[in-house]
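Trainee: give me a model of this one.
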Amino acid sequence: MELSLVFQIISTTAVILGILFGILNLRNFQAMRKREAAILMLNSFQTNEFIKGLLYVLDLDHNPTKEEIDHLPQDQYLAFYMLLGTWERLGILVFRREIEIGMVEDAYSGPIMLSWSKLENYVMEVRAAWNRESAFEWFQWLAERVHERDKRINPPPAYHLHKSWKP
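Mentor: Residues are numbered from 1 along each chain as shown. The predicted structure follows:
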């Protein structure tokens, strides 16, 4: 066997191994990015303002009007908008596939669907008042996707589905 052929084989092998190594690193990077996005998503829900806004909305016994929301005390008003903004940003992240919708559903499907059912009329009033059809568009998009998937999949609660899980 000629020496040049041996060098070509070694060179080709090195290139192939380099490409495979690059592909593996890219996959690891993408998986790491998804994990980081999920952690950031979960951490973003740990603010007092978000929790106050969520509790305020979940405790509503009616669908509030724009006027009612606009006249809330400032801390409640800000917490309310923190909730809306969080759902909005989460919708964008899901749409862009930065966060998997399954992860969002596991963590927040109930609060998202309940928030939308109580705030849909408010959002429509805001859109009319602002003359801006895109106001809170990603919140609506996310709520509709979660609702569609929930109806289609009808997921059992985690405590039933994973009761045989072992650490």
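Trainee: if you count contacts, what does the longest helix belonging to the chain end up packed against?
Mentor: Secondary structure assigned by DSSP state H gives helix 3-44 as the longest helix of the chain. Packed against helix 3-44, as judged by 3 or more C-beta pairs under 8 Å, 6 or more residues apart in numbering; DSSP states H and E, are the following elements: helix 74-95, helix 101-130. In this view, the C-beta of every residue, glycine as well, is placed from N, C-alpha and C.
Trainee: run the angle between the first one and helix 3-44 for me.
Mentor: Okay, so that is helix 74-95. Orientation note: helix 74-95 sits at an angle of 150 degrees relative to helix 3-44 (axes from the mean of the first three to the mean of the last three C-alpha atoms, to 10 degrees).
Trainee: ok now helix 74-95, how far from the chain's centre?
Mentor: Offset of helix 74-95 from its chain centre (C-alpha atoms, centre = their mean, to the nearest Å): 12 Å.
Trainee: buried residues, it. List them.
Mentor: A79, F80, M82, L83, L84, T86, W87, E88, L90, G91, L93, V94 (16 or more other C-beta atoms under 10 Å).
Trainee: wait, which of those residues is closest to V126?
Mentor: Of all those, V126 sits closest to L84, with 9.2 Å by C-beta to C-beta.
Trainee: wait, doesn't the closest one sit right on L119?
Mentor: Yes: L84 is in contact with L119 according to C-beta atoms under 8 Å; the separation is 7.5 Å.
Trainee: can I get the helices and strands packed on helix 3-44 in CSV with distance to L24 and mean pLDDT?
Mentor: Converted to CSV, the helices and strands packed on helix 3-44 look like this (distance: least, C-beta to C-beta, whole Å; pLDDT from 0 to 100):
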stretch, distance to L24, mean pLDDT
helix 74-95, 26, 92
helix 101-130, 24, 93
